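Q: Sequence and predicted structure, then a few things I'm wondering about:
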Amino acid sequence: MRRVRDIAAGEKRHLTCDQLVHPQKASWFSRLLLSPGEETSHVAPVGKPPDALRVSLALFLISLGVIAVVWWWLGTPVHLVRAPIDPNDKVQCISYAPFRNHQTSLSPATQVSREQIAEDLAQLAEITDCIRTYANDLGLDQIPELAARAGLKVIQGIFLDKDQQKNRTQISTAIRLAREYPGTVIALVVGNETLLRKDITVSDLADTIRSVKAQVSVPVTYADVWEFWLSNRELYDVVDFVTIHILPYWENVPIPAESAVKHADAIRRQVAAAFPGKEILIGEIGWPSQGRMRESALPSPVNQARVVSEVLDLARREHFRVNLFEAYDESWKREIEGTVGGSWGLFGGEERVLKYPAGIPVSNYPLWKLQMCSGIALATLVFGVAWLTLRRKPGRPGLASWLGVAVSATTAGILFGVAAQKVFFESVGYGGWLMWSSLLVAATASPVFGANALVSGRPPPSFQELLGPKGYRTESMLVTMHGGALIVIVVIGTATALGLVFDPRFIDFPFAPLTMAAVPFAAMTLLNPPGKGSRPVTEPLFAGVFVGAAVYVGFNEGPANWQAMWTCAAYLLLAATLWRARAS
């Protein structure tokens, strides 16, 4: 506090007579950029080094150019040889679940209407002749009847878990549907990844399959991840054909998108060799369009479109059966599987719009022009605050300070669009929207406040200035808001860091907003280091959490996961800022 008052007192000596007589010439925003006691000051640009504006203007133009070039590169669409979904060349079969909006298969209160199912099936009939279902409760028993009207065949699923009464109902309903719609229901799948979940023993599953086969005339199979077929070969004799799931993203050693189809073909051949004489159906194969990386496996629209396109092309050339996973995004899965769980559909979950229409190139950032313009606007605001601070303050910031402003503005300009898109796709429920939106707001404010601090020579705010005893708290509204942004970033950043350590499987990496925030704070720490003072307890504690999380996550995720490595770097930058904090 003494330092703030000394600076304020020193700056008052630069006031002109005209400024003392007409203090109202300073705008409210200009006054906000001043410390307490400076509200009536208006520093003339007299004595300002003539090169300052030229240097800053050059850096500003460079910053805008870099933002534009990066976003042009990010938004460049990819032209695929074959459209993922081509109405003129229908896919063999596709997984279908009708749940929309707030509907979920986890609630027995969910009842899907006939109208909703009929609307979906009419749309799916344009791209395929077959759908695969996974259960027959919650209104899904209406699907075979409506599929028959839409001209679709059905691979009818029977969901089995530890609830024996529910299992009996599923089995009896499926048998009834197979008998009532013999021209529509072309196969029964008795259990889906039941062994994977350890809900039933292999012997009990085999007995169930035999019982169902004895009561229907259609082929009967079981579906699971391919490894579980190879380790439970006793099922070979009880099924009519083998249904395997190959999801390269979810492999124990994740497979990158560019190698996904080659991997799937190798696995199909391996299973075929292990089960001679049995037809092999790839019952699930696909790729998520959004979500966190797993090693080198990156969910994205381009990767999803590429994998689907290539697997359909391979199936056509090699003449094997394949069922795509899946028709529609299922938003309810995001509550239990994170962003990636609800992003496997080839149609949007709510709007039911095809993600990749034939003839249109695919981009990971289809709104890149809007995102680029938003980033340019943010970078302009950051430089604008720096210029206004320079006009209002008599200091002479050097090239290093302007470089700090430029790096902060450029980083924010590039990442703002990425962070905003991640908020849209990764926010689940009111709590998720509140958390990720708050982080985005704080991250956006950080380079703006940081520009003022870099030009004026102000060190990073400390927690004590905001939350300490009355004699230690700042009187500056600017420092208060800047410190508030830091607190939001640290608290939410800590929550994500702990999540990535203790339960990382479905947690997204917040690399974009954390970097937007960490870069300006790191620049302030480097160029405007805190003065002498005692080391507080809170900041080093959080710094330790960030360092520990960065080390663990880095080793746990591996160097191939650039999202993880980037996030770890942001944690370390925040840790450096917090470690250097001093109590005034």
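A: Cool, got the structure.
Q: ok, residues contacting stretch 114-126?
A: Stretch 114-126 is contacted by residues 87, 94, 96, 98, 100, 131, 139-140, 142-143, 146-147, 149-152, 327-328, 347, 352 when judged by C-beta atoms under 8 Å, 6 or more residues apart in numbering. To be clear about C-beta, it is placed using only N, CA and C from the backbone, and glycine gets the same treatment.
Q: Out of these, which sit inside helices?
A: Under the assignment DSSP state H, those contribute Ile143, Leu146, Ala147, Arg149, Ala150 to helices.
Q: Now compare these and name the two farthest from each other.
A: Pairwise distances across the ones in helices among the contacts of stretch 114-126 (C-beta to C-beta) peak at 10.9 Å, for the pair Ile143 and Arg149.
Q: When the two are compared, which one has more neighbours?
A: Ile143 (31 against 12; other C-beta atoms under 10 Å).
Q: Surely that one and Val154 touch.
A: Yes. Here Ile143 lies in contact with Val154, judged by C-beta atoms under 8 Å, at a distance of 6.4 Å.
Q: what is in contact with these two at once?
A: Both Ile143 and Val154 are contacted by Ile131, Thr133, under the criterion C-beta under 8 Å, 6+ apart.
Q: contacting residues around Lys90?
A: Ile127, Thr128, Asp129 are the contacts of Lys90 under C-beta under 8 Å, 6+ apart.
Q: who's in contact with the longest strand seen in the chain?
A: Looking across the chain with DSSP state E, the single longest strand is strand 185-192. For strand 185-192, contacts defined as C-beta under 8 Å, 6+ apart pick out 130, 132, 134, 144, 153-160, 171, 174, 177-178, 200, 205, 208-209, 212, 216, 218-224, 240-241, 243, 283.
Q: quick one, that strand and helix 143-150 angle?
A: With axes from the mean of the first three to the mean of the last three C-alpha atoms, to 10 degrees applied, the angle from strand 185-192 to helix 143-150 works out at 150 degrees.
Q: Averaged pLDDT, strand 185-192. What do you get?
A: Per-residue pLDDT over strand 185-192 has a mean of 98.
Q: same thing with stretch 159-174?
A: 97.
Q: Now that stretch: buried residues?
A: Neighbour-count burial for stretch 159-174, counted by 16 or more other C-beta atoms under 10 Å, picks out Phe159, Leu160, Asn167, Gln170, Ile171, Thr173, Ala174.
Q: Next SSE downstream of the helix or strand hosting Phe424?
A: Using DSSP states H and E, Phe424 sits within helix 399-426. Following helix 399-426 in sequence order, the next helix or strand is helix 429-456 (DSSP H and E).
Q: Tell me which other helices or strands that following helix touches.
A: Under the contact definition 3 or more C-beta pairs under 8 Å, 6 or more residues apart in numbering; DSSP states H and E, helix 429-456 sits against helix 368-392, helix 399-426, helix 477-502, helix 511-527.
Q: hmm, 10 Å instead?
A: Packing partners of helix 429-456 (3 or more C-beta pairs under 10 Å, 6 or more residues apart in numbering; DSSP states H and E): helix 334-341, helix 368-392, helix 399-426, helix 477-502, helix 511-527.
Q: Could you pull out the helices in the stretch 1-150 of the chain for me?
A: 2-12, 17-21, 28-32, 50-75, 114-124, 143-150 (DSSP state H, counting those that start in this stretch).
Q: and stretch 435-447, how far out from the chain's middle?
A: Counting by C-alpha atoms, centre = their mean, to the nearest Å, stretch 435-447 is centred 16 Å from the centre of its parent chain.
Q: Same question for that stretch: list its buried residues.
A: For stretch 435-447, burial by neighbour count (16+ other C-beta under 10 Å) applies to Met435, Trp436, Ser438, Leu439, Leu440, Ala442, Ala443, Thr444, Ala445, Ser446, Pro447.
Q: repeat for stretch 453-472
A: Neighbour-count burial for stretch 453-472 flags 453-456, 458-466, 468 (criterion: 16+ other C-beta under 10 Å).
Q: in the protein, which helix or strand is least confident?
A: helix 17-21 (a mean of 35; mean pLDDT, DSSP states H and E).
Q: before we move on, the earlier item: need the least confident one among the helices of the stretch 1-150 of the chain, by mean pLDDT.
A: Looking at these, the bottom one is helix 17-21 with a mean of 35.
Q: In this protein, where is pLDDT below threshold?
A: When residues are selected by pLDDT under 70, those of the chain lie in 1-50, 393-395, 471, 533, 583-584.
Q: what's the distance between Val308 and Pro301?
A: Taking C-beta to C-beta, to the nearest Å as the measure, Val308 falls 11 Å from Pro301.
Q: which one of these two has more residues nearby?
A: Neighbours per residue (other C-beta under 10 Å) separate Val308 from Pro301, with Val308 holding more: 26 against 21.
Q: can you give me the helices for the stretch 201-350 of the chain?
A: For the stretch 201-350 of the chain, the helices defined by DSSP H, counting those that start in this stretch cover 202-213, 226-230, 257-274, 301-318, 334-341.
Q: Output the ones you listed as a markdown table; include the columns distance to Ser107.
A: Putting the helices of the stretch 201-350 of the chain into a markdown table (distance: least, C-beta to C-beta, whole Å) gives the following:
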| stretch | distance to Ser107 |
| --- | --- |
| helix 202-213 | 26 |
| helix 226-230 | 28 |
| helix 257-274 | 33 |
| helix 301-318 | 28 |
| helix 334-341 | 11 |
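Q: so Tyr365 makes contact with Gly417?
A: Yes. At 7.2 Å, Tyr365 and Gly417 qualify as touching, with contact defined as C-beta atoms under 10 Å.
Q: which of these two has more neighbours?
A: Neighbours per residue (other C-beta under 10 Å) separate Tyr365 from Gly417, with Gly417 holding more: 26 against 21.
Q: Pull the number of nearby residues for the residue nearest to the more buried one when sequence neighbours are not counted.
A: Nearest residue to Gly417, sequence neighbours excluded (C-beta to C-beta, 6 or more residues apart in numbering): Gln371, at 2.6 Å. If you count neighbours by other C-beta under 10 Å, Gln371 ends up with 24.
Q: Tell me if I'm right that Gln371 and Trp72 touch.
A: No. Using C-beta under 10 Å as the test, Gln371 is too far from Trp72 to be in contact (11.1 Å).
Q: Give me the neighbour count for Arg132.
A: Other residues close to Arg132 by other C-beta under 10 Å number 27.
Q: who touches it in this structure?
A: 93-97, 153-157, 187, 189, 192, 223, 243, 281, 283-284, 323-327 (C-beta atoms under 10 Å, 6 or more residues apart in numbering).
Q: What's opposite the nearest residue to Val239 once chain neighbours are set aside in the beta bridge?
A: Spatial nearest neighbour of Val239, excluding adjacent residues (C-beta to C-beta, 6+ apart): Thr221 at 4.8 Å. In this entry, Thr221 is beta-bridged to Val189, by DSSP bridges.
Q: right, and Thr221 touches Thr243 too?
A: Yes. In this structure Thr221 lies within contact range of Thr243 using C-beta under 10 Å: 4.6 Å.
Q: looking at it, Glu278 is touching Val239, isn't it?
A: That one is not Glu; residue 278 is Lys. Yes. Using C-beta under 10 Å, Lys278 is in contact with Val239, at 7.4 Å.
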